[in-house]
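Undergrad: After the sequence you'll find the predicted model.
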Amino acid sequence: MTQQPFSQEPFLVSGLHGDQILGARSNQQDSFSILAGEDALVLLLADGMGGYSGGELASLAAVNGFTRTFERENRHSPGKRMKAAVVAANEEVRAARKKRGTDDDMGTTLVGAWIGPEGLRWVSVGDSLLLLIREEKMFLLNTLHQYSTELEQMVEEGSISREEALSHPSRHSLTSALMGKEVPLVDLHDECFPLLPGDRLLVASDGVGPYLDSLGPAGMRYLSLLSAEELVRSVLDGIGRDGAPNQDNATLICVEITGA
């Protein structure tokens, strides 16, 4: 875990912190890593699924596969490197599944956020979150590969009601994941997204989402004033205090952007 300041123009990453909790689960199936290069950072998070230890193995395999390929392909653009790294992560999951020989549902989500001199690029598969806190408001940046997205489209088309969409039993089912097979959907954002002084960039597993959604304007205003380490600690401590009986593993990485 990297916490020292990371300088780059035209902004400065003055805070960087990541941590996780078990929630109500008996083992940790989230994996995360922070890669620091000479002129860029990469934040990685994978949320595994598949049996008691299958998710743990899948998420770790994905992070390791992504990391090795991203670091090896350093002659290429960030977008090409991330695209190749996702393929490698999926292959690493396939190898882990083959070695294990069980758990047909073994797989993982993945988010990779690249922060460089021009701003932010990302790649994601599944429903882990890439969030931006800016001017006391929170924005979802990546596309979530959940059936809820298709249900919302059905609502817009008038084929189902909003009440039916919100109560659909498969609403939170994944429509894409790394399972060592063909990956149906990949959100690769190669066009640079500008970051501004005061931004907080968050990478989070879906176990963090409900708590962040529950925060009103005052809560979001509070988070926007915290350092990266304080923000991560505040959110994870809040999840722990709530003590939801089905609380998933929760992992959060925060980068704080300040003026150069």
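TA: Arrived safely, thanks for sending.

Undergrad: And the contacts of stretch 71-90?
TA: 35, 40, 46, 61-63, 65-70, 110, 112, 114, 116, 121-123, 125, 178-181, 183, 186, 188, 190 (Cβ atoms under 8 Å, 6 or more residues apart in numbering). Placement of C-beta: from N, CA and C, glycine included.

Undergrad: give me that answer again for 6 Å
TA: 62, 65-66, 69-70, 110, 112, 114, 121, 123, 178, 183, 188, 190 (Cβ atoms under 6 Å, 6 or more residues apart in numbering).

Undergrad: Let's see which of these end up in helices.
TA: Ala62, Gly65, Phe66, Thr69, Phe70 (DSSP state H).

Undergrad: In CSV, list the residues you listed along with pLDDT.
TA: As requested, these are exported to CSV (pLDDT from 0 to 100):
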residue, pLDDT
Ala62, 98
Gly65, 97
Phe66, 97
Thr69, 96
Phe70, 95
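
Undergrad: Quick check: of the residues you listed, which has the highest neighbour count?
TA: Ala62 (34 neighbours; other Cβ atoms under 10 Å).

Undergrad: neighbours of Ser59, just the number please.
TA: 33.

Undergrad: residues in contact with it?
TA: Gln29, Ser31, Ala46, Gly48, Thr108.

Undergrad: do Phe70 as well
TA: Arg81, Ala85.

Undergrad: Distance-wise, check it relative to Ser77.
TA: Separation of Phe70 from Ser77 (Cβ to Cβ, to the nearest Å) stands at 12 Å.

Undergrad: ditto for Gly101
TA: Taking Cβ to Cβ, one finds Gly101 at 38 Å from Ser77.

Undergrad: Which one of these two is surrounded by more residues?
TA: It is Ser77, of Gly101 and Ser77, that has more neighbours when counted by other Cβ under 10 Å, with 11 against 6.

Undergrad: What backbone torsions are found at the more buried one?
TA: phi -70, psi 160 (degrees, to the nearest 10).

Undergrad: any idea of the pLDDT on it?
TA: Ser77 carries a pLDDT value of 91.

Undergrad: This completes my enquiry, with thanks.
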